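Engineer: structure for the following, please:
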Amino acid sequence: MVQRRLPRPSELRPLLRPAPFVRDAAERRLLRAASIADLRAIARRRTPQAVFDYTDGAADGELSLNRARDAFSRVEFTPTVLRDVSSVDTGRDILGRRSNLPFAFAPTGFTRMMHHEGERAVASVAQKVGIPYTLSTVGTTTIEEVAAAAPDARKWFQLYLWRDRAPAKDLVQRAADAGYDTIMLTVDTPVGGARLRDVHNGLTVPPALSLKTFVDGARHPHWWFNLLTTEPLTFASLESSEGTVAELINRVFDPALTMNDVEWLRDTWPGKLVVKGIQSVEDARRVVDAGADAVLLSNHGGRQLDRAPVPLELVEPTVQAVGDRAEVLVDTGITHGADVLAAIALGARAALVGRAYLYGLMAGGQLGVEKAVTILAGEIVRTLQLIGVNSVDELRPSHVRLRPNG
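Structural biologist: Here you go, the predicted structure:
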């Protein structure tokens with residue numbers, strides 16, 4: 001029979017210690033976030049529906065995005081045990097320079113809509129942790145302002161070619177003058193995808209104060225306060241930036257883009273050239289033949305063609321096709337550090353993450369982006385140790401396989 005007694009005060013004292021008070025509100029919000037899914041949940045509460053949906057959503061029925069995420073859920077690692085994994089190296093050479101983590105920040109449009117700190121915050125985190133940051137043509141901070149905010153970051157510039165080549169050539173020259181070392185040409189946007197969440201929400205640039213957005217804004221006064229008390233929200237690299245996102249794409253960008261334009265850019269740009277939006281092995285071969293230093297297997301985060309190929313499933317055949325002539329990068333559906341490692345084990349040089357850091361940005365500005373990187377980096381270290389390897393560079397196809405659907 002159990003004998004009961006009253007606890008002594010000295011035994012209760014350690015149990016009654018209050019948790020340290022965190023003064024900063026953003027830090028308090030982020031304190032218990034242990035995954036990118038946690039950051040997404042915070043972001044959803046912190047931002048108006050139209051803003052969250054712009055980031056979270058994809059095209060049509062969102063099948064492409066869901067299939068990409070499903071592919072990562074089918075990853076199965078083959079661990080090796082009884083290895084000393086007390087120390088692991090998360091670094092990776094990407095396009096000729098070392099990155100402290102095996103991923104880069106992907107280009108995202110309209111970033112200051114998610115949080116007023118926008119691209120400056122993201123680039124500053126990239127500088128702090130030592131990974132590349134990619135500024136988008138449809139970003140909301142200029143090439144020069146990002147360079148000033150993060151002078152020591154490795155900076156890439158994502159380019160859409162316009163119907164008028166002169167502005168594109170000017171952007172390329174400005175990127176070179178500001179110290180960007182890589183141009184990322186996006187080729188999967190001859191027209192804008194059918195992003196139905198944006199249509200249903202009536203999302204425009206800049207956001208319009210309709211009755212619906214006014215009511216939603218009343219639930220997120222901090223967001224509207226930051227929007228209205230900071231610099232006007234526009235696409236920093238575009239002269240014409242009003243209307244819906246789809247209208248902007250269809251008005252400005254060029255549906256007649258061909259391989260000749262890739263070759264023109266290769267002749268124009270002296271640095272590294274990445275072609276983003278490759279969705280077939282044959283197209284990968286073609287752009288590498290035209291001089292691309294890397295191909296980015298991407299279906300634009302599922303935001304363009306629904307039912308598009310799954311980028312992760314293209315990694316192995318693309319690596320076999322291009323060999324050592326170019327690096328293979330991959331994005332879409334990456335929400336965990338293990339996703340990054342799976343892509344690399346299959347042969348990718350590195351991954352690009354977009355939504356993952358945007359959830360952090362919406363959840364807590366620059367601190368939220370740092371939290372997203374901390375989460376991903378922790379998952380990368382832990383997964384490497386559990387697989388039984390000491391570095392990202394040791395990963396091989398033998399470490400991973402994709403389980404069949406179902």
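Engineer: check contacts around Ala106.
Structural biologist: By CB atoms under 8 Å, 6 or more residues apart in numbering, the contact list for Ala106 reads Thr134, Asp331, Leu352, Val353, Gly354. Quick note: C-beta positions are derived from backbone N, CA and C, even for glycine.
Engineer: mind doing that once more with 6 Å?
Structural biologist: Thr134, Asp331, Leu352, Gly354 (CB atoms under 6 Å, 6 or more residues apart in numbering).
Engineer: ok, so of the residues you listed, who is nearest Val199?
Structural biologist: Of all the contacts of Ala106, the one with the least separation from Val199 (CB to CB) is Gly354, at 21.1 Å.
Engineer: excluding its backbone neighbours, what's nearest that closest one?
Structural biologist: Computed as CB to CB, 6 or more residues apart in numbering, the closest residue to Gly354 that is not its neighbour in sequence is Ala106, at 3.8 Å.
Engineer: swap in Lys128?
Structural biologist: Glu370 (7.3 Å).
Engineer: can you name the next helix or strand after the helix or strand hosting that neighbour?
Structural biologist: Element membership for Glu370, per DSSP states H and E: helix 355-387. Following helix 355-387 in sequence order, the next helix or strand is strand 400-402 (DSSP H and E).
Engineer: pLDDT wise, what is Arg174 at?
Structural biologist: Here, the pLDDT recorded for Arg174 equals 97.
Engineer: so what's the nearest residue to it once chain neighbours are set aside up against?
Structural biologist: Of all residues not flanking Arg174 in the chain, Ile143 sits nearest, at 4.9 Å (CB to CB, 6+ apart). Ile143 makes contacts with Arg174, Ala175, Ala178, as judged by CB under 6 Å, 6+ apart.
Engineer: just the buried ones from the residues you listed?
Structural biologist: Among the contacts of Ile143, those classed as buried by 16 or more other CB atoms under 10 Å are Arg174, Ala175, Ala178.
Engineer: show me the shaky parts of the protein.
Structural biologist: Along the chain, segments meeting pLDDT under 70 span 205-211, 213-214, 239-252, 406.
Engineer: mind doing that once more with 50?
Structural biologist: Counting by pLDDT under 50, the chain shows no low-confidence range.
Engineer: ok so, going back, just the buried ones among the contacts of Ile143: which are in strands?
Structural biologist: Assigned to strands by DSSP state E, none of the buried ones among the contacts of Ile143 qualify.
Engineer: Lys272: which of those is nearest?
Structural biologist: Ala175 (11.6 Å).
Engineer: tell me which element the nearest residue in space to that closest one that is not next to it in sequence falls in.
Structural biologist: Distances taken as CB to CB, 6+ apart place Phe157 nearest to Ala175, at 4.1 Å, with adjacent residues excluded. Per DSSP H and E, Phe157 falls inside strand 155-159.
Engineer: distance from the chain centre to that strand, please.
Structural biologist: 13 Å (CA atoms, centre = their mean, to the nearest Å).
Engineer: against which helices or strands is that strand packed?
Structural biologist: strand 133-136, strand 182-186 (3 or more CB pairs under 6 Å, 6 or more residues apart in numbering; DSSP states H and E).
Engineer: export those strands to CSV and tack on distance to Thr335 and mean neighbour count?
Structural biologist: Converted to CSV, those look like this (distance: least, CB to CB, whole Å; neighbours: other CB atoms under 10 Å):
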stretch, distance to Thr335, mean neighbour count
strand 133-136, 18, 26
strand 182-186, 21, 25
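Engineer: out of the ones you listed, which is closest to Pro317?
Structural biologist: strand 182-186 (21.9 Å).
Engineer: now do the closest one against strand 155-159, angle only.
Structural biologist: For strand 182-186 against strand 155-159, the angle by axes from the mean of the first three to the mean of the last three CA atoms, to 10 degrees is 30 degrees.
Engineer: next structured bit after strand 182-186?
Structural biologist: Using DSSP H and E, the helix or strand that follows strand 182-186 in sequence is helix 196-201.
Engineer: which elements pack onto that following helix?
Structural biologist: Looks like helix 196-201 contacts helix 49-56 (3+ CB pairs under 6 Å, 6+ apart).
Engineer: immediately after the helix it packs on, which helix or strand?
Structural biologist: Downstream of helix 49-56 (by DSSP H and E), the next one is helix 63-73.
Engineer: go through that following helix and flag the buried ones.
Structural biologist: Neighbour counts over helix 63-73 (16+ other CB under 10 Å) mark Leu63, Ser64, Leu65, Arg67, Ala68, Arg69, Ala71, Phe72 as buried.
Engineer: same deal with stretch 392-400?
Structural biologist: Across stretch 392-400, burial judged by 16+ other CB under 10 Å covers Val392, Leu395, His399, Val400.
Engineer: what is the nearest of those residues to Thr268?
Structural biologist: Nearest to Thr268 out of the buried residues of stretch 392-400 is Val392 (CB to CB; 33.1 Å).
Engineer: can you tell me how far the closest one is from Thr111?
Structural biologist: Note on Val392: its distance to Thr111, by CB to CB, to the nearest Å, is 27 Å.
Engineer: and what of Leu101?
Structural biologist: Using CB to CB, Leu101 is found at 20 Å from Thr111.
Engineer: try Ala290
Structural biologist: Distance of Ala290 to Thr111, given as CB to CB: 30 Å.
Engineer: neighbour count: the two, which is higher?
Structural biologist: Thr111 (25 against 17; other CB atoms under 10 Å).
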